[in-house]
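1. With the sequence up front, the predicted model follows.
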Amino acid sequence: MSSLQFTYVSSQFTEAKNSKTDNNDNTYGIFGEIPAYYVADFSASYKWKK
């Protein structure tokens with residue numbers, strides 16, 4: 001038995017102003033836009049027979 005889950009999370013802002021920040025800034029990810037990303041999860045299992 002196996003399963004695969006795939007999720008897309010769109011970009012979001014961390015504060016109400018929706019202000020952009022510089023990627024080289026130390027506050028990147030704390031203030032401004034959080035970039036979109038994908039998450040993939042694969043799992044598998046088997047039953048051992050004696």
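-> Perfect, thanks for sending it.
2. Give me the below-cutoff pLDDT ranges for the protein.
-> For the chain, applying pLDDT under 70 flags the ranges 23, 26-29.
3. The most centrally placed residue in the chain pairs with what?
-> Note on the chain: the residue nearest the mean C-alpha position is Tyr37, at 4.3 Å, using Cα atoms, centre = their mean. With DSSP bridges as the criterion, Tyr37 is bridged to Val9.
4. hang on, isn't it packed against Phe6?
-> No. If you go by Cβ atoms under 8 Å, Tyr37 and Phe6 don't touch, sitting 11.9 Å apart. All C-beta spots, glycine's among them, are computed from the backbone N, C-alpha and C.
5. And the strands in this structure, which stretches?
-> In the chain, the strands defined using DSSP state E lie at 2-9, 12-13, 33-34, 37-44.
6. Adding distance to Thr21, write these out as a markdown table.
-> Below are the strands of the chain laid out as a markdown table (distance: least, Cβ to Cβ, whole Å):
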| stretch | distance to Thr21 |
| --- | --- |
| strand 2-9 | 19 |
| strand 12-13 | 10 |
| strand 33-34 | 7 |
| strand 37-44 | 17 |
